[in-house]
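*Asks:* Next input, structure requested:
(4 chains)
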2 protein chains.
Amino acid sequence: MTLDIEPAEPRSRSDQIAQILEDQILTGRFSPGARLDEASLAEEHKVSRTPIREAFHRLAQSGLVVQQPRRGVFVRISSPVEILEMFEVMAELEAVCGRLAAKRATEAAIEELREVNAECHAACDAGDIDRYYLKNGVFHHLIYALSGNRFLEQEASRLHRRLKPYRRMQLFLRGRLQQSMDEHESIVEAISAGAPERAAELLRDHVAVQGEKFHHVMSHLEQQG
Amino acid sequence: MTLDIEPAEPRSRSDQIAQILEDQILTGRFSPGARLDEASLAEEHKVSRTPIREAFHRLAQSGLVVQQPRRGVFVRISSPVEILEMFEVMAELEAVCGRLAAKRATEAAIEELREVNAECHAACDAGDIDRYYLKNGVFHHLIYALSGNRFLEQEASRLHRRLKPYRRMQLFLRGRLQQSMDEHESIVEAISAGAPERAAELLRDHVAVQGEKFHHVMSHLEQQG
DNA sequence: GTCAACCTTTTCGTATACAAGAAGCATGAC
DNA sequence: GTCATGCTTCTTGTATACGAAAAGGTTGAC
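*Replies:* Numbers count the residues shown, from 1 in each chain, chains lettered A, B, ... in the order given. The predicted structure is shown next:
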């Protein structure tokens, strides 16, 4: 089974640029509220304004930026409330994926899930947060795929991608890595045992806790100024 | 409470055109697989190719069309399988909306839901499918809003819109209108009683049945050729 | 001194021109 | 007769040019 987390390899220059800009926004090069200037970006990427504009359209559609007519495009300011809302939806989507996966997954697919989880475990033991973050992503994407519903898989992946930066920050909280790992174990167990409701519950909590941790980090940051 | 189902009033010409094309695709002017020609559409709408291309980008992003590099854009062929998958996700999303609505909705909001449902009832009694279809849409959007999660509301609305044409066709099945109405009654009751799990179950089934009915219609059509 | 109006500047939205790649057809060779 | 290759044509992708609208500054009047 191939995973193709990023199925659409960029074809045109504008698609490539959209990808690059998306990454830059998600990784924080452009802070929320910042204005993206067509002209300077065009110059930077050595293209005309047209591909930049096409890239902007893609970003606007996926909700990363907002376009104000005759004003420009701005990196969308996601309020903490909105992010918590997204985590709530993500939790529910993952719960559905887990429920379906427990019902539909083949033995071979579950074996693959176990292997990926083992890699998570290795990264966790090594204290390698970057690696855990990466393998954790693969783990979740695999569960999306195991739902047997391609559309659900895509939607879950989309939201996962959108929440990327907020997922990551909470891994640095003390003890979260190990806790997350333990939750993984239970999830694999539930899916492998063919327990749909249990898998759903576990996944919902696993993701919901991330939302709570995010909230935790946020209020901590606000206290510090 | 304002509903603003279609919040984004079109600003630029390209946005207007995207809206028009979207409607035309959803209502079947362009059949699945058909190629959308930039030049002829530009001529038809009395604009240059640029706004047409921008419109295409919007459509591609919302999944209505696919862009093949150097080939053109084609109306996406949604296979019956894919549509069933979308209904499955829709059912789950609505279930979540219902669960949250039952937990969070205020008495005033529930009263509004009752009123909209009464309008559905009136349309149903009058046998006015068009009107029922319209009011049914309002009913469901209201439940999305009642979830208290704006992001969830938007995502549900998006998918609802995408499934528009397939929802509609199954209303013509004998007895489906009355059945749908009965389900509405139970749903309102569950939300009003503050029974989250029951509301979730009812909504999931209510939507899932639409997927099944769609399947029913499809196989019927295939038999006839 | 303050407020308003006008002008300038900037930037977006659209049009058009040009280049590059793909598909289809025709022609020639085997 | 069939297949392959090359050319033509069509269409997309990108660049550039132009028009329009909004923001901000400056100037003038009160």
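*Asks:* How about the secondary structure of the residue lying farthest from the centre of chain A?
*Replies:* For chain A, the residue at maximal distance from the C-alpha centroid (C-alpha atoms, centre = their mean) is A:R70, at 31.9 Å. Secondary structure assignment for A:R70 (DSSP: H, G, I helix; E, B strand; the rest coil): coil.
*Asks:* ok, it to B:S12 distance?
*Replies:* If you measure A:R70 against B:S12 using C-beta to C-beta, to the nearest Å, the figure is 9 Å. (Each C-beta comes from the backbone N, C-alpha and C, glycine too.)
*Asks:* And the pLDDT for the residue most central in space within chain A?
*Replies:* Nearest to the mean C-alpha position of chain A, counting by C-alpha atoms, centre = their mean, stands A:H160 at 2.5 Å. With respect to pLDDT, A:H160 has a value of 93.
*Asks:* How about A:Q67?
*Replies:* Value listed for A:Q67 in the pLDDT field: 82.
*Asks:* what's the neighbour count on it?
*Replies:* 19 (other C-beta atoms under 10 Å in any protein chain shown).
*Asks:* With A:D23 instead?
*Replies:* 11.
*Asks:* same deal with A:Q178?
*Replies:* Each residue near A:Q178 was counted by other C-beta under 10 Å, and the total is 11.
*Asks:* what's the closest non-adjacent residue to the residue of chain A found nearest DNA strand C?
*Replies:* Distances between chain A and DNA strand C by C-beta to the nearest atom of the strand are smallest at A:G72, namely 3.3 Å. Spatial nearest neighbour of A:G72, excluding adjacent residues (C-beta to C-beta, 6 or more residues apart in numbering or on different chains): A:R35 at 5.1 Å.
*Asks:* Quick check, the one you found in contact with A:Q67.
*Replies:* No - with contacts counted by C-beta atoms under 8 Å, A:R35 stays clear of A:Q67, the gap being 11.1 Å.
*Asks:* so what's in contact with those two at the same time?
*Replies:* In terms of C-beta atoms under 8 Å, 6 or more residues apart in numbering or on different chains, A:R35 and A:Q67 are both contacted by the residues A:V73.
*Asks:* For chain A, which segments count as helices?
*Replies:* With helices called from DSSP state H, chain A shows them at A:13-26, A:38-44, A:49-61, A:80-104, A:107-125, A:129-146, A:150-169, A:176-192, A:196-224.
*Asks:* need the residues of chain A near DNA strand D, please.
*Replies:* A:11-14, A:46-51, A:54, A:69-71 (C-beta under 7 Å from any atom of the strand).
*Asks:* Kindly recompute the last result at 10 Å.
*Replies:* By C-beta under 10 Å from any atom of the strand, the part of chain A that sits against DNA strand D consists of A:10-17, A:38, A:42, A:45-55, A:68-72.
*Asks:* can I get the CA coordinates of stretch A:81-93 in PDB?
*Replies:* C-alpha atoms of stretch A:81-93 as PDB (Å, rounded to 0.1, in the frame of the first residue of the first chain):
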ATOM      1  CA  VAL A  81     -11.100  29.900  19.500                       C
ATOM      2  CA  GLU A  82     -11.000  29.000  15.900                       C
ATOM      3  CA  ILE A  83      -8.100  26.700  16.400                       C
ATOM      4  CA  LEU A  84      -9.800  24.900  19.300                       C
ATOM      5  CA  GLU A  85     -12.800  24.500  17.000                       C
ATOM      6  CA  MET A  86     -10.600  22.900  14.400                       C
ATOM      7  CA  PHE A  87      -9.100  20.600  16.900                       C
ATOM      8  CA  GLU A  88     -12.700  19.600  17.900                       C
ATOM      9  CA  VAL A  89     -13.500  18.800  14.300                       C
ATOM     10  CA  MET A  90     -10.200  17.000  13.900                       C
ATOM     11  CA  ALA A  91     -11.000  14.900  16.900                       C
ATOM     12  CA  GLU A  92     -14.300  13.900  15.500                       C
ATOM     13  CA  LEU A  93     -13.000  13.100  12.100                       C
END
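*Asks:* Would you indicate which residues of that stretch are buried?
*Replies:* Using 16 or more other C-beta atoms under 10 Å in any protein chain shown as the burial criterion, the residues of stretch A:81-93 that qualify are A:83-93.
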